[in-house]
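In: I would like the atomic coordinates for the input below:
(one chain, ligands or ions: 1)
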Amino acid sequence: MNIIRLFLFLLLIWIVWGFFKRKNKKALKIQEKPNVKQGTMISCKHCGLHIPIEESIQVGDANFCCKEHSQL
Ligand SMILES: [Zn+2]
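Out: Below is the predicted model of the structure:
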């Protein structure tokens with residue numbers, strides 16, 4: 001009986017430990033995302049419009065807001 005109780009106790013600790021680990025990982029992911037978005041704003045080399053880097057067109061070192069401006 002004591003062995004079963006000990007096993008259940010260890011199992012409970014393992015579940016709680018796993019739960020807190022997952023919670024910490026989620027919290028870290030939420031903290032990282034806003035920082036990435038804030039640091040990725042660029043300005044178009046042709047018209048100076050500020051847009052996120054994911055939506056920009058990169059030609060060498062220069063960033064453009066659209067395909068038309070990258071070709072001018
Ligand atoms: Zn532009």
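
In: Helices along this protein, start to end?
Out: 2-38, 67-71 (DSSP state H).

In: Mean pLDDT lowest where, among the ones you listed?
Out: For the helices of the chain, mean pLDDT drops lowest on helix 2-38, to a mean of 80.

In: Read off the pLDDT value for the closest residue to S70 other than its chain neighbours.
Out: Sequence neighbours aside, F64 is the residue nearest to S70 in space, at 3.9 Å (criterion: CB to CB, 6 or more residues apart in numbering). All C-beta spots, glycine's among them, are computed from the backbone N, C-alpha and C. pLDDT, F64: 95.

In: same check, this time on C44
Out: pLDDT, read off for C44, is 94.

In: Go ahead and confirm it touches F64.
Out: Yes - taking CB atoms under 8 Å as the definition, C44 is a contact partner of F64 at 5.2 Å.

In: what do those two both touch?
Out: Common contacts of C44 and F64 (CB atoms under 8 Å, 6 or more residues apart in numbering): S56.

In: can you pull the contacts of S70?
Out: H46, I57, V59, A62, F64.

In: and the ion, which of those residues reach it?
Out: Applying CB under 5 Å from the ion, the subset of the contacts of S70 adjacent to the ion comprises H46.

In: Quickly name whichever of the contacts of S70 is closest to F9.
Out: Top of the list for closeness to F9, among these and by CB to CB, is I57 at 59.3 Å.

In: L72 versus the closest one, what's the distance?
Out: According to CB to CB, to the nearest Å, I57 and L72 sit 12 Å apart.

In: Which one's more surrounded, the two?
Out: Remark: of I57 and L72, I57 carries more neighbours, 16 against 8, as counted by other CB atoms under 10 Å.

In: can I assume the more buried one is in contact with K67?
Out: Yes - between I57 and K67 there is a contact at 5.9 Å, judged by CB under 8 Å.

In: care to break the chain down by domain?
Out: With domains defined by automatic domain parsing, the chain comprises 1-39, 40-72.

In: Go through the ones you listed and pick out the most buried.
Out: domain 40-72 (a mean of 13; mean count of other CB atoms under 10 Å).
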